[in-house]
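*Asks:* Sequence and predicted structure are below.
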Amino acid sequence: MLELNNPPIVINDLRKKYKDITALNGINLTVNQGEIFGFLGPNGAGKTTTMRILLGLLNPTSGSSQVFGTNSTELDNNIRGKIGVVFEENNLYQHLTGQENLEFFASLYNVQPEKINQLLEFFQLVDARDLYVKNYSKGMKQRLLIARAIIADPELLILDEPTSGLDPASIEIIHQAIEGFKKENKTVFLSSHFMEEVERLCDRIAFINNGEIITITTPAWLKSYYGNKNIKIKIRLNQQSVDNLKSSLPEEAVIEIKNNSASISLPLDYEMTGNLIDSLKSNYSILSIQTEEASLHQVFIELSKENKKLKF
């Protein structure tokens, strides 16, 4: 019997080397039951290697990874049946219809036809159920992949860039599916470069760079620790005043000019902010003044530049 009391994922001192290249350099993490765990990092950081080792598709050089208490090198059909997987590459059957793709996988797990109808409806594929998948858009294919991944009612979803390059409507449907999966106290291990997605979905995130985990924490904590808050001042502008404006701003300011307005961003702790605002009020029409929270996008860029472990 599968022990679901075990954490869905446990990784201990996992290492993977390819000749002279170290893909993973002793990473450690635990993913808890019922959480959406984000796995972030730049391209080539080791994310996909980690996922392939977790699924038993690749052997580690040393260390271990476990899924529901079983070593990834020893996963049996019982445990594999509790894992839904979507890798970034599309591996649907292109010359079958959307419904036939789902029917084939349903037959492997004795899934009732009603489940197929429910999934087609939820992922808004009912009208395309009889079309060959080769004629699907990218968003439709990705929705079908997610539907296929959850058709057998798994306990763990492993998703590699599930919304990369998709239209907003498809992204929203997939996000709702992931959120619904979590509401059933099931677990998601999510790799993504889409920071709005991470901030919306993830309970915790691990950031990996050059094969090492830099930090494991919540998105909110990471933003507060590593991000900078800014004040943003938007003014009405004409072409004659552009040069004068630029010369009057401190070097800390970031200016963006668009049409007949300029947006000026400054660190919230800049000492002369009050004086600058007074000066701008005297010379320009102020359209808005607001503070900007740090973004995960900003944090991602900063962490990708370096490889130091954060300790707290």
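*Replies:* Yep, that arrived.
*Asks:* Next, D153: secondary structure please.
*Replies:* For D153, the reduced secondary structure class is coil; criterion used: DSSP: H, G, I helix; E, B strand; the rest coil.
*Asks:* Return the distance of S279 relative to M272.
*Replies:* Counting by C-beta to C-beta, to the nearest Å, the gap between S279 and M272 amounts to 9 Å. (Each C-beta comes from the backbone N, C-alpha and C, glycine too.)
*Asks:* whoops, I mixed them up, R15
*Replies:* On the measure of C-beta to C-beta, R15 and M272 end up 50 Å apart.
*Asks:* out of those two, which sits in the more crowded spot?
*Replies:* Between R15 and M272, counting by other C-beta atoms under 10 Å, R15 is the more crowded of the two (16 against 12).
*Asks:* got a list of what that one touches?
*Replies:* T22, L24, N25, G26, P60, T61, S62, G63 (C-beta atoms under 8 Å, 6 or more residues apart in numbering).
*Asks:* shaky segments in the chain?
*Replies:* Across the chain, the stretches falling below the confidence threshold (pLDDT under 70) are 1-5, 226-228, 238-240, 292-294, 306-312.
*Asks:* Where do the strands of it begin and end?
*Replies:* In chain order, the chain shows strands spanning 9-18, 21-31, 36-40, 62-67, 70-71, 83-86, 156-160, 187-191, 204-209, 212-217, 230-236, 254-258, 261-267, 285-292, with DSSP state E as the criterion.
*Asks:* Distance to F181 for these - can I get that in CSV?
*Replies:* Formatted as CSV, the strands of the chain follow (distance: least, C-beta to C-beta, whole Å):
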stretch, distance to F181
strand 9-18, 15
strand 21-31, 14
strand 36-40, 8
strand 62-67, 17
strand 70-71, 22
strand 83-86, 9
strand 156-160, 6
strand 187-191, 6
strand 204-209, 16
strand 212-217, 21
strand 230-236, 35
strand 254-258, 39
strand 261-267, 38
strand 285-292, 32
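*Asks:* out of these, nearest to N101?
*Replies:* Nearest to N101, of all those, is strand 83-86, at 13.3 Å by C-beta to C-beta.
*Asks:* tally of neighbours for the residue nearest to E212 when sequence neighbours are not counted?
*Replies:* In space, not counting the residues next to it along the chain, E212 is nearest to N25; the distance is 5.0 Å by C-beta to C-beta, 6 or more residues apart in numbering. Burial measure for N25: 18 neighbouring residues, criterion other C-beta under 10 Å.
*Asks:* Over to Q112?
*Replies:* Neighbour count of Q112, defined by other C-beta under 10 Å: 9.
*Asks:* Spatially nearest residue to it, not counting backbone neighbours?
*Replies:* By the measure of C-beta to C-beta, 6+ apart, the closest residue to Q112 outside its immediate chain neighbours is A106, 7.8 Å from it.
*Asks:* surely the one you found meets P113?
*Replies:* Yes. In this structure A106 lies within contact range of P113 using C-beta atoms under 8 Å: 7.4 Å.
*Asks:* which of those two has more neighbours?
*Replies:* Neighbours around A106 and P113, counted as other C-beta under 10 Å, are more numerous at A106. The numbers are 19 against 11.
*Asks:* residue contacts, that one?
*Replies:* For A106, the contact set (C-beta under 8 Å, 6+ apart) comprises Q112, P113, K115, I116, I151, A152.
*Asks:* Would you point out the most distant pair within those residues?
*Replies:* Comparing all pairs in those by C-beta to C-beta, the longest separation belongs to P113 and A152, at 14.1 Å.
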